[in-house]
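[1] Compute the structure for the input listed below.
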Amino acid sequence: MTRAVLIIFCVIATVIRSTEQLTCGPNEDLVKCPAKCLSDYCPKHAEEDRRCEKPKVCGEPKCKCGFNMRRAENGACISTRDCPPFPCTAPNTEYVSCPSYCPTDDCSQATPDGSCPIFGYNLIVVECFPQCRCISGYWKNNGTCVPYSECPQNKN
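    So this is what the prediction gives:
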């Protein structure tokens, strides 16, 4: 009899626990299989902001900041665009909170006016990953920001 009562108690406790709803705060979503990522937080330097892989084994569901939101130092979820900028130390670079999909800052996509050579690029919504990008008129060639005229396709 005691064993039957214990089993019934365990079943009821499991049902009650599974029906408990985790309540998320503003700009948060409940994630059933959360990954632990540095990119969940506002980055403090360029190397900190990397995409993360899904975990091989899921942990407990967790509230995480929603799409294009980051956790600020005070714990609130804010727009990635509102994260404080980090310093860009390479020459001719600047902080960009949400770089466009196109053009990248690579010489392979360089145009004289900085426009995107791909039609319809502005219809693409991408996840914001703050980074240091080349300043206007400069493009990355072998990791260094150079003027448009120094991109390989422009050298004669």
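
[2] Can you report how many residues lie near the nearest residue to Arg71 once chain neighbours are set aside?
    Excluding its sequence neighbours, the residue lying closest to Arg71 (C-beta to C-beta, 6 or more residues apart in numbering) is Tyr41, at 4.9 Å. Just so you know, the C-beta spots here come from the backbone N, C-alpha and C atoms, and that holds for glycine as well. Using other C-beta atoms under 10 Å, Tyr41 is surrounded by 15 other residues.

[3] ok, which stretches of this structure are helices?
    All helices of the chain, identified by DSSP state H, fall at 2-19.

[4] Would you mind splitting it into its domains for me?
    The record's domain parsing of the chain by automatic domain parsing lists 24-80, 87-156.

[5] Adding mean pLDDT as columns, could you present these in CSV?
    Below are those laid out as CSV (pLDDT from 0 to 100):
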stretch, mean pLDDT
domain 24-80, 89
domain 87-156, 86
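
[6] on that earlier part again, is it correct that the residue nearest to Arg71 is in contact with Gly75?
    No. The criterion here is C-beta atoms under 8 Å, and Tyr41 misses it with Gly75 at 10.1 Å.

[7] Kindly provide the distance from Glu127 to Thr80.
    Glu127 sits at a distance of 8 Å from Thr80 (criterion: C-beta to C-beta, to the nearest Å).
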